[in-house]
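Q: sequence first, predicted model second:
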Amino acid sequence: MPATREVIENRFTAWMDNPNDPTISNKIHAADGAKEYGFQAALVGGVTVYGWCVPTILQAAGESWLDNGWAEVHFRRPTYPGDEMTIRATPLDDGSWGFVAEKQGGEVCIRGQFGLGEGPFNDTFELSKRLPADPPLEQREWLTIENAPVGKDLRTLPINISAEEARETSQRQLRETNPLFVGENPVLNPSLVARQMMTLLSYTMDYGKPSIHVSSHIQNLRRIPAGVPLALTGHYVKAWADRHHYGAFDGDYVSPDGSIEYARIRHTNIFRVAKKDE
């Protein structure tokens, strides 16, 4: 059952370990690299900001959201280290919740919706059945708008995240204290689950120097215990160009033999970011 049907507000201060790190692979998350692209400071990663929203989602929808719940998350404006953020979840007439994450002054950085049961987008996923997991490639082709593998399956990524890694990631990156994610037998934090989508794409194509997370459509089917072997299959749905170059691809978390399904995610990103003078 939902924990509450009241409006919920929580707050956090956005932060990064080292926003001036010049060695970070995605330079949009470093101050100097971000400024090349017209941003005022290093961008906090979208999956990290989503992770800071998860406690509010669980407070509203309850822990059962991890087993049978959905979220649609759109990243509207950058979140920078030091931003004072307010997360607000508002119950809607259809039983779901709308939510926003806004910084001081009211600028909305995230806008989305979440609920229990099947998400309104669940029948739009294009899922791969490519099993077993593929071995890594020695070389990968650089992703462009011309060679984006639209309509094709991605290489299947093997995953096994230990309890120690799951706890450490939740504690260090999110400052999470919930025993569900940092206890003796943790489950994978939804932020960590969403984060693997970037690894999934880079398992097939080289990309992301820099890239920006645009949105996620997430369907949870069961919680994922740490230390459980997984396969993350993928299918590239579409690519398009505006000022930036965008792509959308679907992922399906399953057991190595495909008999158990844990979660479905559509990840949309900018894989080629236009510089401020382009």
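A: Structure received.
Q: is it true that residue 180 lies in a helix?
A: Yes: assessed by DSSP: H, G, I helix; E, B strand; the rest coil, residue 180 belongs to a helix.
Q: how about it: what's its closest non-neighbour residue?
A: Of all residues not flanking residue 180 in the chain, residue 187 sits nearest, at 6.0 Å (Cβ to Cβ, 6 or more residues apart in numbering). Any C-beta I mention is one placed from the backbone N, CA and C, and that applies to glycine too.
Q: one more: residue 102?
A: residue 108 (4.8 Å).
Q: what about the one you found, how many residues nearby?
A: Neighbours of residue 108 under the rule other Cβ atoms under 10 Å: 13.
Q: give the contact list for it.
A: Residues counted as contacts of residue 108 (Cβ atoms under 8 Å, 6 or more residues apart in numbering) are 76-77, 100-102.
Q: rerun at 10 Å
A: 74, 76-77, 88, 100-102 (Cβ atoms under 10 Å, 6 or more residues apart in numbering).
Q: just checking, residue 41 is part of a strand?
A: No: assigned with three-state DSSP, residue 41 falls outside any strand and is coil.
Q: thought it was touching residue 83?
A: Yes: Residue 41 lies in contact with residue 83 (Cβ atoms under 10 Å); the separation is 9.4 Å.
Q: just to revisit the earlier point, pretty sure the residue nearest to residue 180 is touching residue 225, no?
A: Yes: judged on Cβ under 10 Å, residue 187 makes contact with residue 225 at a distance of 5.5 Å.
Q: circling back to that earlier point, residue 41 and residue 83: which is more packed in?
A: Taking neighbours as other Cβ under 10 Å, residue 41 and residue 83 compare with residue 83 leading, 22 against 18.
Q: report pLDDT for that one.
A: If you check residue 83, the pLDDT there is 94.
Q: and for residue 37?
A: pLDDT at residue 37 comes out at 87.
Q: quick check: it touching residue 27?
A: Yes: counting by Cβ under 10 Å, residue 27 is a contact partner of residue 37 at 8.7 Å.
Q: can you list residues touching both of those two?
A: 210, 273.
Q: got the phi/psi numbers for residue 254?
A: The phi/psi pair for residue 254 (degrees, to the nearest 10) reads phi -140, psi 170.
Q: right, I mislabeled it, should have said residue 19
A: Dihedral pair for residue 19: phi -70, psi 0, per degrees, to the nearest 10.
Q: neighbours of it, how many?
A: 19.
Q: what about the stretch 101-250 of the chain, any weak spots by pLDDT?
A: Regions of the stretch 101-250 of the chain meeting the criterion pLDDT under 70 are absent.
Q: what are the boundaries of the helices in it?
A: For the stretch 101-250 of the chain, the helices defined by DSSP state H, counting those that start in this stretch cover 163-174, 179-182, 190-202.
Q: from the chain's centre, how far out does the biggest helix by length in the chain sit?
A: In the chain, with assignment by DSSP state H, the single longest helix is helix 46-61. Here helix 46-61 shows a centroid-to-chain-centroid distance of 11 Å under the convention Cα atoms, centre = their mean, to the nearest Å.
Q: just stretch 109-118 next, same as before
A: That offset, for stretch 109-118, works out to 13 Å (Cα atoms, centre = their mean).
Q: cool, and stretch 9-16?
A: 17 Å.
Q: same check on stretch 79-95?
A: On Cα atoms, centre = their mean, the centre of stretch 79-95 falls 16 Å from that of its chain.
Q: turn the helices of the stretch 101-250 of the chain into CSV, columns for distance to residue 215 and mean neighbour count.
A: Below are the helices of the stretch 101-250 of the chain laid out as CSV (distance: least, Cβ to Cβ, whole Å; neighbours: other Cβ atoms under 10 Å):
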stretch, distance to residue 215, mean neighbour count
helix 163-174, 20, 17
helix 179-182, 23, 17
helix 190-202, 11, 22
